[in-house]
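J.: generate coordinates for the sequence data below:
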Amino acid sequence: MVGLLACSWWFGFKRVDDRREQYRQEMAQKSQELKDLEIATSGIDDLGRRIDDLRDAVDFFEAKLPREKDVQQTLRDVWHAAERNNLEIRRFEPGKVRRDSHYSEQPIKLEMLGDFEGFYAYLLQIEQMDRITRVTELDIGKIDGRDGETEAQMTLSIFFEPAALPGEVVSAG
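T.: Numbering: from 1, shown residues only. Predicted coordinates for the structure are as follows:
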C-alpha cells in the first residue's frame, strides 16, 4: 500500500506538480515579455507625431532654400544690405557652387570697408534674412588713422535648392 502510494505520488502527483511549476515559469516569462513589449511599443504613439514634427521642420528649412534661379536676387540682397549700411564693397566674388544631395551652397568672398557699427548692422541683417546663410570665414581689422573704421574680409555662404541634373527628378517640396 505504501509502495502504491509512493508510486502514485512519483508518477502522478510529482509529474502534475512539475508540469504546473513549468506552466508557472512559462506564464511568468510570457508576462515579462508582454511587459517588455508594452514598454517597447509605448513610444509608437508619439512616433507619428515626431515624424510629423520632423516633416514640418524639413518643410520650414526647404522654404528657406531659394530655387537656383532665385539665387541672383539673394546675391543682390546681400549687396544692397552692405550699401544700406554705408559699407564700401571692394570685392564681391561668388565662388564655385558646391552641390549636395538636398541643397547647394554658393560661397561669396567679400571685402568691405566702413564704420564698425555699419558692419555690425550688416551682419545682423544678413542673419535675419529669409534665406539660410552662413559666415564661414571672418577677419575684421581696424584701419589705422581712421577712428571707428574697419576693414573686413569674409566668406558668406548662401544655401539654395539645387536644379535637377539631366535625368534627375527634384521634388517640388
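J.: for the chain, which spans come out with low pLDDT?
T.: When residues are selected by pLDDT under 70, those of the chain lie in 5, 9-12, 64-66, 68, 163-173.
J.: tell me which stretches of the chain form helices.
T.: For the chain, the helices defined by DSSP state H occupy 2-8, 14-41, 44-63, 71-84, 116-127.
J.: between the ones you listed, which one is closest to residue 98.
T.: Closest to residue 98 of the helices of the chain is helix 71-84 (Cβ to Cβ; 13.0 Å). (C-beta placed from N, C-alpha, C; glycine too.)
J.: ok, back up a step: want to throw the helices of the chain into TSV with mean neighbour count and distance to residue 98?
T.: Supplementary listing: the helices of the chain in TSV, determined by neighbours: other Cβ atoms under 10 Å; distance: least, Cβ to Cβ, whole Å:
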stretch	mean neighbour count	distance to residue 98
helix 2-8	9	86
helix 14-41	10	42
helix 44-63	10	17
helix 71-84	15	13
helix 116-127	16	19
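J.: in TSV, list those helices along with distance to residue 137.
T.: Formatted as TSV, the entries for the helices of the chain read as follows, by distance: least, Cβ to Cβ, whole Å:
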stretch	distance to residue 137
helix 2-8	92
helix 14-41	47
helix 44-63	23
helix 71-84	15
helix 116-127	13
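J.: mind checking which of these is nearest residue 100?
T.: For residue 100, the closest of the helices of the chain is helix 44-63, at 13.2 Å, according to Cβ to Cβ.
J.: hey, C-alpha coordinates of the closest one in CSV?
T.: Coordinates of each C-alpha in helix 44-63 appear next as CSV, following Å, rounded to 0.1, in the frame of the first residue of the first chain:
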residue,chain,number,x,y,z
ILE,A,44,5.0,54.3,-31.0
ASP,A,45,2.0,56.6,-30.4
ASP,A,46,4.4,59.5,-30.1
LEU,A,47,6.4,58.3,-33.1
GLY,A,48,3.8,59.5,-35.6
ARG,A,49,3.7,62.9,-34.0
ARG,A,50,7.5,63.1,-34.0
ILE,A,51,7.6,62.2,-37.7
ASP,A,52,5.1,64.9,-38.4
ASP,A,53,7.2,67.4,-36.4
LEU,A,54,10.3,66.5,-38.3
ARG,A,55,8.5,66.8,-41.7
ASP,A,56,7.3,70.3,-40.6
ALA,A,57,10.9,71.2,-39.7
VAL,A,58,12.2,69.9,-43.1
ASP,A,59,9.4,71.9,-44.9
PHE,A,60,10.4,75.0,-42.9
PHE,A,61,14.0,74.8,-43.9
GLU,A,62,13.2,73.9,-47.5
ALA,A,63,11.1,77.0,-47.7
